[in-house]
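give the three-dimensional model of this entry:
(one chain, ligands or ions: 2)
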Amino acid sequence: MPTRGKVASWFAPVGGFGVTISNMFRPTVTEEYPSEKVPTKPRYHGRHQLNRYADGLEKCIGCELCAWACPADAIYVEGADNTPDEQHSPGERYGRVYQINYLRCIFCGLCIEACPTRALTMTNDYELAGPTRAGMIYEKQDLLAPLREGMLAAPHPMVEGTTDTEYYRGEVTGPTPDQVDWVREHRPDDPTLPGGAGVDAANVPGPAAAVMAETVAAATKQGLRGLR
Ligand code: SF4
Ligand code: SF4
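Ligands and ions are numbered 1, 2, ... in the order given. Have a look, this model is predicted:
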């Protein structure tokens, strides 16, 4: 084994500082999370969302393909029949129970690939934390996409004269007067009716999402205190 020269041996214990010193003059790349939240890449796989059609009906048809595709067994779905008084999605079936267990999910995206109606997609939301194990199981109410301005909250009948095919093709662009009249007759206080309180009043987060938002806000506050 070659022996070091005397000078090299003398500098050896401080040699590692060369790396430190050379990095002191480079630009800082540390992300100041949580005070600065860096946007993710557009196709980042974050929390899931159950989407709606433009008239407010749900895209999920309760087929369970997402649950079968999931390698982590994180999704639980129970479908049910739509009825004239309880039409939640176009066609025969809707997702009555829908759960995603975020303690199991590995965010692989296989579920959204399996979904035949593009009901299930993934958002860029990565701040997922909860104080309890049960709180990490999102229910349908936590996952449903918020109603956008002009949408009419489900349940209500499909656009008259259409089948699920017209919905899949994107030919339904919003609620019709007949749908509005139906909701006015069955739920006169619905906030999404024209002249009602508005979609913000209808977009109440589900219990798990609400607790998770509180937990993330508290953790962010604590993190910010730690930075001071
Ligand atoms: S992202 Fe992957 S692990 Fe998570 S629910 Fe979907 S299929 Fe399952
Ligand atoms: S999210 Fe898609 S794949 Fe899953 S049950 Fe609903 S329609 Fe079927």
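
which strands or helices does the longest strand along the chain pack on?
Secondary structure of the chain per DSSP state E: the longest strand is strand 93-101. Under the contact definition 3 or more C-beta pairs under 8 Å, 6 or more residues apart in numbering; DSSP states H and E, strand 93-101 sits against strand 48-50, strand 75-81, strand 137-138, helix 140-143. Yep, even glycine has a C-beta here, placed from its N, CA and C like the rest.

quick one: distance of stretch 58-73 to the chain centre.
How far stretch 58-73 lies from its chain's middle: 15 Å, per C-alpha atoms, centre = their mean, to the nearest Å.

now that stretch: mean pLDDT?
Averaging pLDDT along stretch 58-73 yields 98.

and what of stretch 11-26?
Averaged over stretch 11-26, pLDDT sits at 83.

so which bits of stretch 212-228 are buried?
Buried residues in stretch 212-228, counting neighbours by 16 or more other C-beta atoms under 10 Å, are found at 212, 215-216, 220.

could you dump those residues to JSON lines with secondary structure?
Converted to JSON lines, the buried residues of stretch 212-228 look like this (DSSP: H, G, I helix; E, B strand; the rest coil):
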{"residue": "212", "secondary structure": "helix"}
{"residue": "215", "secondary structure": "helix"}
{"residue": "216", "secondary structure": "helix"}
{"residue": "220", "secondary structure": "helix"}
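
want to try CSV for those residues, with distance to ligand 1 as columns?
CSV is the format used below for those (distance: C-beta to the nearest ligand atom, whole Å):
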residue, distance to ligand 1
212, 16
215, 20
216, 19
220, 24
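
nice, that's everything, thank you.
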